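> sequence unknown, structure follows:
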């Protein structure tokens, strides 16, 4: 399930580059009333829920190692940040080998979660 989540997110970003890049530009430059970057504020926690749910399900099914609440959050953040980092890398390197990148990321995160 984690593999599918990662692959689908990276595929979406790759296939919708213009829209994804536009959202990144808007979100990363949006400011609060006092001029601070809004991106630096507390982010919406719901973006981590699918990953935390996948980790919990994987633990229950014996596929993933046991995670404590803090370690599950770290893994969810790591996964989400790796996916978001992919879009930045794609902006920097438009000819990036997306399949290779996806394969490497899945392998790294798979090795970090397996029992």
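Good, I have the coordinates. This is a predicted model, so every value here is computed, not measured.
> quick check, central residue of this structure?
Ranked by distance to the mean C-alpha position of the chain (Cα atoms, centre = their mean), the top residue is residue 80 at 2.2 Å.
> hey, where'd the strands end up in this structure?
Counting by DSSP state E, the chain has no strands at all.
> how about the worst-scoring helix or strand of the chain on mean pLDDT: buried residues?
Lowest on mean pLDDT, DSSP states H and E among the helices and strands of the chain sits helix 17-29, with a mean of 80. In terms of neighbour count (16 or more other Cβ atoms under 10 Å), helix 17-29 has its buried residues at 20, 24. To be clear about C-beta, it is placed using only N, CA and C from the backbone, and glycine gets the same treatment.
> which helices and strands does that helix pack with?
The helices and strands touching helix 17-29, judged by 3 or more Cβ pairs under 8 Å, 6 or more residues apart in numbering; DSSP states H and E, are helix 69-92.
> still on that earlier bit, quick one, what contacts the residue nearest to the centre of the chain?
With contact taken as Cβ atoms under 8 Å, 6 or more residues apart in numbering, residue 80 is in contact with 47, 48, 51.
> and which of these is nearest to residue 110?
Residue 110 lies nearest to residue 51 out of those, by Cβ to Cβ, at 13.6 Å.
> returning to what we had before: quick one: the least confident helix or strand of the chain to helix 69-92, angle?
Interaxial angle, helix 17-29 versus helix 69-92 (axes from the mean of the first three to the mean of the last three Cα atoms, to 10 degrees): 120 degrees.
> so how far is helix 17-29 from its chain's centroid?
Offset of helix 17-29 from its chain centre (Cα atoms, centre = their mean, to the nearest Å): 15 Å.
> still on that earlier bit, most surrounded residue in the contacts of residue 80?
With neighbours taken as other Cβ atoms under 10 Å, the top of these is residue 51, carrying 23 neighbours.
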